[in-house]
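In: Below: sequence and its predicted model.
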Amino acid sequence: MFQQEQRLIRSGLAAILLSLLVVFHGIPGHAEILPTRGTFRGVYHVNRAGVGRFTFFIISKALKGQMAPYEGKYVEVEILKARQRISSGPVIVDQIGKVTRLFDPPLKLKLQAVFPGTGGGKTIDVIYSLINVGKKDITINANDLQIGVRCYSQSENDEAQDDFFQTGYTRRQLSFRGSLLQRWNFISPMCPGERTHFNTGKVLLRPGETAPFVLHGLDLKPGQYELAVTAVFYPTPTKDEGVPVIAAQSLDVPLPQHKRIQDKLLDAQVQVTHDDEWLVVDGRILGKPEAGVSLFTLSDRGQHFFPGLVQLYSSSGDLLPARLDWRRPDGPWRPIQVDREGLPFKFRVRHADRFSREKIAKIGFWTVTDRGIEKLTLADALPEPPQRPLPPWGKTVQGCRLRVQMSGESFRTGETIRFFFQAESDGKKADMVWIDEGNWESHVVVTVDGKKARIGTTGISDGHVNHFPFQGEISLASVYKVLPGKHRLQLSVRGDPGTYTNLRGEKFRKFRGTLVSIVVEFKVQREE
C-alpha cells in the first residue's frame, strides 16, 4: 500500500496538483494516510508566518536551516522520518536525507498589488504575470494557474507552542492559510458584469515576453496577508509530468493611500449597427503613440479576438446581463503590439433578457495588456432599436406562467422558425420545472395551427433543472416545412411533480401541471 501511494504522489500531474493544494492551503490534499518516507519532488516554500512547506509536508522548525538554501527552488528531497498524527492532519518531517537541486524552469511568476483597485473604494487589484526567462518559445496552459490569498485565522493571537503536532511552530503560525482558486481567464472574477466570453487555454510566450492575468476587486479587511500563485511548466509537451512554479508576496492591508494614476494606453474606433436583436460592433483597438503596448490576441484572416469582458450599461449606468457572439479562432494566444493602425475586431452582443425593456446605452470593454488591465468605452449614446410590444402571459397555473414571442413577424420560405419563451413563478408553490428523462416529447409541445410541430432545438431538456424565472429560444426542425401564409403558434410545457434535492442538500419544489402560452401569429412570405 505504501509503495502504491508513493508512486501516486510522485507520478506526474497527480503529484503536482496535490503539492499545489497543500503547499498553499496549509492542509493535506486528502483526508487519508499519506506517505511518511520516500523521495519526493517539489518546490520548498516558507510562507509569511515562517512555516516551511514542501509538497504535502510541513518541514519542522528544527529543519528549516537545512532547507534554507533551497527556498523557492525545485528540488528532490529524501524524507527519512515523518509522522502524521491524524489521518486528516498534516505530515510533519523530522529527518531529511539527501536534497538534490533540480533544473530551474524557464517560467517565472511575478505579483503586483495595485491600490485602489478597479472595483473602486478600498479594493485591490492583483496583477500576476508569467514571464518566459528562457531562450526558447514556450506554451503554457492558463488553466493550470491558481491564485489565492492567505491570512491568519481567528486564533492568530495564540502564540502558544504547537503541543499536539509538535512542529516547533506556534499555533498562530500554523493558522496562516488560505485557498487557491483556478483561474480560467485573463480577467477574474467576472464581476461587475455578467461573465467573460472565453476560456483562455494555451498562451505562447517568446523569450522575454510576459503574460499578465488580473484578479480585480479584492476587498480585504485590515491585516497581514500573503498573495500566492502557482503554475505548471511542462518540459516535454508529450509527457504528463510537469514542474510546479510558485511565487508569494506579503501584503499589508490597508495599503498606503494614494491617487491611482494610469495612462490610457488604448483607444477604440467603433461602428455599431443593429441586426435583429443583436448589436454588431465592428471596429479597431488603437495604441497610443509611443505607448508600445501589446495585447494577447487570437487572429484569423485579419480579425482579432481579444481577451476581456464585454459589458452593457443601461442609461442609468447599471450593468445589464449580456450575451456575446464573437468567433474564436484556434491556436494559442500571442502578444501583438498595438500601434496607431490598430487591430480590427468584430462581434455581436445583445441583452441576455430578451423580454427586458431596459435600453442599452453604452458598451464597455475590459481587456488585459502586457502592462495590466485597461478599460475602454466602445460605444455610447447608442440609437434605440425599434421596440416590439411585449406579448401577454398565458394562464397562471400553481402561481407560474409562460409567454412566447416570435423572433420576427415574418419569415422567408425555408427560413428556420424561431421564437423565445419566458417562464416565471410567484415562489409560493413551485421553484423549478423538472421533466423526467424520456418525457421530453410529451412535455414540451409546440403546435402550429393546432397541429403538433417537430422541434429542432430548445432551451428546455429532460433530466435538467430549470429554476424559475428562466427563458430560452426554440427552433422548429429544419425538416418541418411551414407553407406560405399566416400561422398561429403555441407552446406548452408540462412539469413532473416532486421535490429536487441538489448536492448541497437544498430542496426545491417541482412545478406540477402544464404551462400554456397564448397563441401568437407569424407569417411565412411567398417566394417572388
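Out: Received, thanks.
In: is it true that residue 113 touches residue 252?
Out: No - with contact defined as C-beta atoms under 8 Å, residue 113 does not reach residue 252; the gap is 9.8 Å. Where you see a C-beta, it was placed from the backbone N, CA and C, and this is true even at glycine.
In: Comparing the two, which residue is more hemmed in?
Out: Counted by other C-beta atoms under 10 Å, residue 113 and residue 252 do not tie: residue 113 has more neighbours, with 21 against 11.
In: so where do the strands sit in the stretch 401-528 of the chain?
Out: For the stretch 401-528 of the chain, applying DSSP state E, counting those that start in this stretch gives strands covering 410-412, 418-425, 432-433, 444-448, 451-452, 455-457, 466-467, 470-476, 485-495, 499-501, 507-509, 513-516, 520-525.
In: Which strand residues bridge the residue nearest to residue 34 when sequence neighbours are not counted?
Out: Nearest in space to residue 34, with sequence neighbours left out and distances taken as C-beta to C-beta, 6 or more residues apart in numbering, is residue 91 at 5.2 Å. Bridge pairing for residue 91 (DSSP bridges) gives the partners residue 57.
In: Also residue 376?
Out: Under the criterion used (DSSP bridges), residue 376 bridges to residue 365.
In: residue contacts, it?
Out: 266, 267, 268, 285, 364, 365, 366, 367 (C-beta atoms under 8 Å, 6 or more residues apart in numbering).
In: Surely the second one touches residue 288?
Out: Yes - counting by C-beta under 8 Å, residue 288 is a contact partner of residue 267 at 6.9 Å.
In: quick one: low-confidence ranges for the stretch 1-150 of the chain?
Out: Within the stretch 1-150 of the chain, the stretches with pLDDT under 70 are 1-32.
In: Residue 292: how many residues sit nearby?
Out: Number of residues near residue 292 (other C-beta under 10 Å) recorded here: 13.
In: Correct me if wrong, but it is in a strand.
Out: No - membership of residue 292 in a strand is not supported by DSSP: H, G, I helix; E, B strand; the rest coil, which gives coil.
In: Would you mark the buried spots in stretch 497-512?
Out: If you call a residue buried by 16 or more other C-beta atoms under 10 Å, then stretch 497-512 has these buried ones: 508, 509, 510, 511, 512.
In: With stretch 54-68 instead?
Out: 54, 55, 56, 57, 58, 59, 60, 61, 63, 64, 67.
In: now stretch 397-415
Out: 397, 398, 400, 401, 402, 403, 404, 405, 406, 407, 408, 411.
In: do stretch 171-187 as well
Out: For stretch 171-187, by 16+ other C-beta under 10 Å, it's 171-178, 180, 183, 185-187.
In: Then stretch 303-310?
Out: Quick answer for stretch 303-310 (16+ other C-beta under 10 Å): 303, 304, 305, 306, 307, 308, 309, 310.
In: After the host helix or strand of the last one, which helix or strand is next?
Out: Following DSSP states H and E, the helix or strand that holds residue 310 is strand 308-314. Once strand 308-314 ends, the next helix or strand along the chain (criterion: DSSP H and E) is strand 319-320.
In: Partner strands of that next one, with direction?
Out: When DSSP bridges is applied, strand 319-320 pairs with strand 308-314 (antiparallel).
In: as a whole number, average confidence for the strand it pairs with?
Out: Average pLDDT, strand 308-314: 87.
In: Just the C-alpha atoms of it, please, in CSV.
Out: The C-alpha trace of strand 308-314 is given here as CSV (Å, rounded to 0.1, in the frame of the first residue of the first chain):
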residue,chain,number,x,y,z
GLY,A,308,-11.6,40.6,-22.0
LEU,A,309,-15.1,41.3,-20.8
VAL,A,310,-17.8,43.0,-22.9
GLN,A,311,-20.2,44.9,-20.7
LEU,A,312,-23.6,46.5,-21.4
TYR,A,313,-24.9,49.5,-19.5
SER,A,314,-28.3,51.0,-19.2
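In: so how far is it from its chain's centroid?
Out: Averaged C-alpha coordinates place strand 308-314 at 16 Å from its chain's average position (C-alpha atoms, centre = their mean, to the nearest Å).
In: Stretch 33-48 too?
Out: For stretch 33-48, the distance to the chain centre is 30 Å (C-alpha atoms, centre = their mean).
In: Isn't residue 521 up against residue 490?
Out: No - the pair residue 521 / residue 490 is not scored as a contact, 10.6 Å apart, by C-beta under 8 Å.
In: who's the spatially closest residue to residue 434 that is not a sequence neighbour bridged to?
Out: Counting by C-beta to C-beta, 6+ apart, residue 510 is the residue found nearest to residue 434 once chain neighbours are left out, at 4.4 Å. Counting by DSSP bridges, residue 510 is bridged to residue 432.
In: begin at 609 from here
Out: All right, first residue 609 from here; so that's residue 1118.
In: Tell me, what's the model's pLDDT at residue 1118?
Out: pLDDT at residue 1118 comes out at 97.
In: residues in contact with it?
Out: Going by C-beta under 8 Å, 6+ apart, the list of residues near residue 1118 reads 1038, 1039, 1040, 1041, 1042, 1103, 1104, 1105, 1106, 1107, 1108.
In: need these in JSON lines with pLDDT and distance to residue 648, can you?
Out: Formatted as JSON lines, the contacts of residue 1118 follow (pLDDT from 0 to 100; distance: C-beta to C-beta, whole Å):
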{"residue": "1038", "pLDDT": "97", "distance to residue 648": "54"}
{"residue": "1039", "pLDDT": "97", "distance to residue 648": "49"}
{"residue": "1040", "pLDDT": "96", "distance to residue 648": "48"}
{"residue": "1041", "pLDDT": "97", "distance to residue 648": "51"}
{"residue": "1042", "pLDDT": "96", "distance to residue 648": "48"}
{"residue": "1103", "pLDDT": "97", "distance to residue 648": "54"}
{"residue": "1104", "pLDDT": "97", "distance to residue 648": "52"}
{"residue": "1105", "pLDDT": "96", "distance to residue 648": "55"}
{"residue": "1106", "pLDDT": "96", "distance to residue 648": "50"}
{"residue": "1107", "pLDDT": "96", "distance to residue 648": "48"}
{"residue": "1108", "pLDDT": "96", "distance to residue 648": "44"}
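In: circling back: closest one to residue 690 among the strands of the stretch 1009-1136 of the chain?
Out: strand 1107-1109 (41.6 Å; C-beta to C-beta).
In: in its sheet, what does that closest one sit against?
Out: Short version: by DSSP bridges, strand 1107-1109 pairs with strand 1115-1117 (antiparallel).
In: Need the residues that contact the partner strand.
Out: In contact with strand 1115-1117 (C-beta under 8 Å, 6+ apart) are residues 1037, 1038, 1039, 1040, 1073, 1075, 1107, 1108, 1109, 1110.
In: Apply 10 Å and report the result again.
Out: 1006, 1033, 1035-1040, 1042, 1073, 1075-1076, 1105-1110 (C-beta atoms under 10 Å, 6 or more residues apart in numbering).
In: what comes up buried for stretch 946-955?
Out: 946, 950, 951, 953, 954, 955.
In: pLDDT on that stretch, on average?
Out: Here the average pLDDT along stretch 946-955 is 92.
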